[in-house]
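Q: can't give you the sequence, but here's the structure:
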């Protein structure tokens, strides 16, 4: 009796699985689980940056930045950092690139490549 019940239950799960998109749904769910939470990651990165710069520097250059996109390939991460203006982008790239890269790599626990964009 228990086996028959388990078979019916499994059949219902299989019907539901196929009805709602089958493996495509499962694949998308797994991808969503693997995605990096950009807000919390960038918040952690900014906290690490705050430890290395003065409050004035932080508020001037980093307060209007955000982590726009993160893509993982092999054991490296490619991250796109959004900046509020071309001037902020240029200044961070020229003066603080290494600090941002090291802080983000520490937050992600993986080496990363950075791309700065104005959005």
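A: Alright, I've got the coordinates. None of these values were measured; they are calculated from a predicted model.
Q: low-confidence regions, this structure specifically.
A: Scanning the chain for pLDDT under 70 picks out 1-36.
Q: run through the strands of it in chain order.
A: Taking DSSP state E as the test, the strands found in the chain are 66-73, 76-83, 112-118.
Q: okay, now the sheet partners of the last one, with direction.
A: For strand 112-118, the paired strands and their directions (DSSP bridges) read strand 76-83 (parallel).
Q: can you state the direction angle for the strand it pairs with and strand 66-73?
A: 160 degrees (axes from the mean of the first three to the mean of the last three Cα atoms, to 10 degrees).
Q: strand 76-83: which residues count as buried?
A: The neighbour-count check on strand 76-83 (16 or more other Cβ atoms under 10 Å) flags 77, 79-83 as buried. In short, each C-beta sits where N, CA and C put it, glycine included.
Q: OK, contacts around the closest residue to residue 42 other than its chain neighbours?
A: Spatial nearest neighbour of residue 42, excluding adjacent residues (Cβ to Cβ, 6 or more residues apart in numbering): residue 67 at 3.7 Å. Shown in contact with residue 67 (Cβ atoms under 8 Å, 6 or more residues apart in numbering): 38-39, 41-42, 45, 79-82, 104.
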